[in-house]
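Q: Return a 3D structure for these sequence lines:
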Amino acid sequence: MEFVVFMIIGFLGNFVGVLCGGGGLITLPTMLLMGLPAHSAIGANKVSNTVSSFTSFLVIFKEKEITLKETFTVLVMCLIGGALGGVTASLLSDSTLTMIAIILLAFAFVTSFFSKNDFEGHALFKPNKITVPSLLGISMYDGMFGPGSGTLQMYLYAHEKIAYIRAVGLSRVGVFAGCFGSAISYIATGKIMWGLTIALMIGSTIGAQVAVRVARKLDTKYVNPLLRMITLILIVQIVISYFRG
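A: Numbers count the residues shown, from 1 in each chain. Predicted coordinates:
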């Protein structure tokens, strides 16, 4: 029965995560409520996200909706940022990391109301004075703390006038880069409960595949409201965890 439950959790989390980020809102709290140890829950999430993000990216890449050059650029920047974030995290307290998360998400939430970016553009992702520090910063945050990094990436791609389906593909590259190293670490340290992790991974992969197909048909006027809703829920969840801690 647990196997089926974890498949459902993975499906729902990655369906939401692919469309607008924030899939961890569903997967991590639910696994913890079910009694999974924190490290095993995080490890399961990292392993399943590594696989599901790669497979959903492949679908978009095969349709030639993003280019190899864009993919490589985002991958390298996210790997560098994630590594820097992992090192930085060891120097900061949990409360500091939480405050960084709240500030970043609150800033993205507020500015989204003043922005006219709605994923209707057709620009390619290019390194520039905005995208390089922003993507490095987001991936550093992912390496340090994590919740909402996919959502923050979506805001960045919207700002750069990148079409929604392309933004989804690029965000999956970023998620893959951020999760891959962490997944290896959790596997190496023996924190993975493989039966439940495989169930989560199967559900996550199916959810991601369904979401990619929904993303192609989703009217872009609904994307920003979805992003704002997920962002607001993330902020509330992180604030609650901050005061409980």
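
Q: Which helix or strand lies directly C-terminal to the one helix or strand Ser95 maps to?
A: Per DSSP states H and E, Ser95 falls inside helix 94-112. Of the helices and strands lying after helix 94-112 in sequence (DSSP H and E), the nearest is helix 131-144.

Q: CA-only coordinates of that next one in CSV, if you can.
A: Taking Å, rounded to 0.1, in the frame of the first residue of the first chain, the C-alpha atoms of helix 131-144 are listed here in CSV:
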residue,chain,number,x,y,z
THR,A,131,20.8,35.8,-16.5
VAL,A,132,24.3,34.8,-15.4
PRO,A,133,24.2,36.2,-11.8
SER,A,134,20.5,35.4,-11.4
LEU,A,135,20.9,31.7,-12.5
LEU,A,136,24.1,31.3,-10.4
GLY,A,137,22.3,32.9,-7.5
ILE,A,138,19.2,30.6,-7.8
SER,A,139,21.3,27.5,-8.1
MET,A,140,23.5,28.6,-5.2
TYR,A,141,20.3,29.0,-3.2
ASP,A,142,19.2,25.5,-4.4
GLY,A,143,22.5,24.1,-3.2
MET,A,144,22.2,25.9,0.2
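
Q: so that helix versus helix 94-112, what angle?
A: Comparing the axes of helix 131-144 and helix 94-112 via axes from the mean of the first three to the mean of the last three C-alpha atoms, to 10 degrees yields an angle of 140 degrees.

Q: Okay, buried residues for helix 131-144 please.
A: Residues Thr131, Ser134, Leu135, Leu136, Gly137, Ile138, Ser139, Met140, Tyr141, Asp142, Gly143, Met144 are the ones in helix 131-144 that count as buried (16 or more other C-beta atoms under 10 Å). C-beta here means a position set from N, CA and C on the backbone, and glycine is covered the same way.

Q: Please convert those residues to TSV, extending it with distance to Gly21 and pLDDT.
A: TSV is the format used below for the buried residues of helix 131-144 (distance: C-beta to C-beta, whole Å; pLDDT from 0 to 100):
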residue	distance to Gly21	pLDDT
Thr131	17	94
Ser134	15	93
Leu135	14	93
Leu136	18	92
Gly137	16	90
Ile138	11	90
Ser139	13	87
Met140	17	85
Tyr141	13	82
Asp142	11	79
Gly143	16	75
Met144	17	76
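
Q: And those, which is closest to Cys78?
A: Using C-beta to C-beta, Ser139 comes nearest to Cys78 of the buried residues of helix 131-144, at 4.1 Å.

Q: which SS state does the closest residue to the closest one other than its chain neighbours fall under?
A: Spatial nearest neighbour of Ser139, chain neighbours left out: Gly81 (2.9 Å); criterion: C-beta to C-beta, 6 or more residues apart in numbering. Recorded secondary structure, Gly81: helix (DSSP: H, G, I helix; E, B strand; the rest coil).

Q: quick one: Gly81 and Leu152 touch, right?
A: No - when contacts are counted by C-beta atoms under 8 Å, Gly81 is not listed as touching Leu152 (11.7 Å).

Q: Which elements pack onto the helix holding Ser95?
A: helix 131-144, helix 149-159, helix 223-244 (3 or more C-beta pairs under 8 Å, 6 or more residues apart in numbering; DSSP states H and E).

Q: check contacts around the residue most central in space within the chain.
A: Per C-alpha atoms, centre = their mean, the C-alpha nearest to the average position across the chain is that of Gly150, at 3.1 Å. Contacts for Gly150 (C-beta atoms under 8 Å, 6 or more residues apart in numbering) come out as Gly17, Gly21, Gly22, Gly23, Ser171, Gly174, Val175.
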